[in-house]
Structures are given as structure tokens and as C-alpha cells.
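Visitor: Fold the following for me, if possible:
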Amino acid sequence: MKEWFNNLAEREQRLISVMAGVVMIAIIYFMLIKPLQERVAKAEQGVNRNQQLLTWVEKNAKRIVQLRAQGGVTSNASGSIEQRINSSARSFNITINRLQPQNNKMQVMIDNAPFNNILQWVQSLQFKQGLIIEIADVRAENQPGFVKTRLVVSQ
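Guide: Residues are numbered from 1 along each chain as shown. As a prediction, the model looks like this:
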């Protein structure tokens with residue numbers, strides 16, 4: 001290889017040397033720098049989403065504290081806890097997979113539901129139905145924006 005390079009004209013040797021430098025720079029850029037920049041951009045987006053979520057949680061935490069100080073949410077909802085959960089789930093297009101009583105509580109299992117619908121439904125259960133969400137376990141599904149949810153709800 002060295003012999004072949006030495007047999008080239010000086011102009012060709014310079015051209016090949018410059019091209020080799022350009023190729024090395026391109027390799028470094030596309031194999032190292034660009035993927036790192038993309039990861040940094042994704043991380044920044046994640047930080048922004050988490051900051052928005054934190055702001056929302058802080059805002060609503062203050063609201064919950066205020067409501068608890070006022071004696072909680074009063075509801076004019078009627079019917080059993082099971083009826084209230086089922087009817088409100090239908091109004092948010094949520095299909096309940098399993099509804100299981102536990103003492104004075106109800107365990108609710110939901111598979112593959114839109115996350116935004118779940119949030120709105122939980123808010124409705126608390127503020128319109130007067131129910132208490134004691135446990136909320138929400139896990140991402142394979143489809144973006146959809147979650148698997150387990151709730152323990154009481155009156």
C-alpha cells in the first residue's frame with residue numbers, strides 16, 4: 001500500500017491525503033458527534049416534558065391541599081362505587097378489563113387505554129364522583145400514548 005502511494009504523482013498523493021482527512025472527519029462526525037447531539041436533544045426534550053409535568057403536579061397538589069382543608073370534595077353522585085366507576089369510564093371511552101371488590105374498595109384494571117383519557121377519567125372520579133384514588137399504577141404499553149392502569153378506588 002505504501003509502495004503504491006509512493007508511486008503516485010505528488011499532486012495525487014496530496015489529493016489522496018486530503019480526501020483521507022475528509023473521510024476521517026466525516027466518520028468521526030457521523031459515528032460520534034451526530035449521535036451524541038441527537039441523544040442530547042432527546043434528553044433535553046425529556047427534561048422539558050418532566051418540567052411541565054412537575055409544574056402540573058405542583059399546581060394540582062396545591063389544589064388538592066386546598067380541597068382537603070375545605071373538607072374534601074363533595075359530590076352529588078349517586079349509586080354504588082361500582083356503578084359510578086363503570087358509568088364514568090364509559091363516558092371517557094375507557095374499557096375496564098376487571099373490576100374487583102376489596103373490602104370497602106374497588107380494584108380497577110384497564111389495559112391499553114389512551115393516557116390522556118385515563119388522566120381525565122381519574123380527575124372525574126375524584127372531583128365529580130367524589131371517589132378517592134388510593135393507588136394508581138400506570139405503565140406504558142407498546143403503542144405510544146397508551147397505558148396499562150391499575151387503580152384502587154374508595155369512597
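Visitor: Let's test this: mean pLDDT of the one helix or strand Q126 maps to, rounded?
Guide: Q126 belongs to helix 115-127 when elements are defined using DSSP states H and E. Helix 115-127 carries an average pLDDT of 90.
Visitor: For that helix, name the packing helices and strands.
Guide: helix 81-91, strand 132-140, strand 146-154 (3 or more Cβ pairs under 8 Å, 6 or more residues apart in numbering; DSSP states H and E). Where you see a C-beta, it was placed from the backbone N, CA and C, and this is true even at glycine.
Visitor: Among these, which comes closest to A61?
Guide: strand 132-140 (13.9 Å; Cβ to Cβ).
Visitor: about what we covered before: put together a markdown table for the helices and strands packed on helix 115-127, with distance to F5, mean pLDDT and mean neighbour count on each row.
Guide: What follows is the helices and strands packed on helix 115-127, written out as a markdown table (distance: least, Cβ to Cβ, whole Å; pLDDT from 0 to 100; neighbours: other Cβ atoms under 10 Å):
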| stretch | distance to F5 | mean pLDDT | mean neighbour count |
| --- | --- | --- | --- |
| helix 81-91 | 74 | 89 | 16 |
| strand 132-140 | 55 | 89 | 12 |
| strand 146-154 | 59 | 91 | 18 |
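Visitor: So which of these is nearest F30?
Guide: Of those, nearest to F30 by Cβ to Cβ is strand 132-140, at 31.0 Å.
Visitor: Outside of the helix holding Q126 itself, list whatever touches it.
Guide: Helix 115-127 is contacted from outside by 73, 84-85, 88-89, 91-94, 110, 131-133, 136, 138, 145-147, 149, 151, 153, using Cβ atoms under 8 Å, 6 or more residues apart in numbering.
Visitor: residues of that helix that come out buried?
Guide: Across helix 115-127, burial judged by 16 or more other Cβ atoms under 10 Å covers 117-118, 121-122, 124-126.
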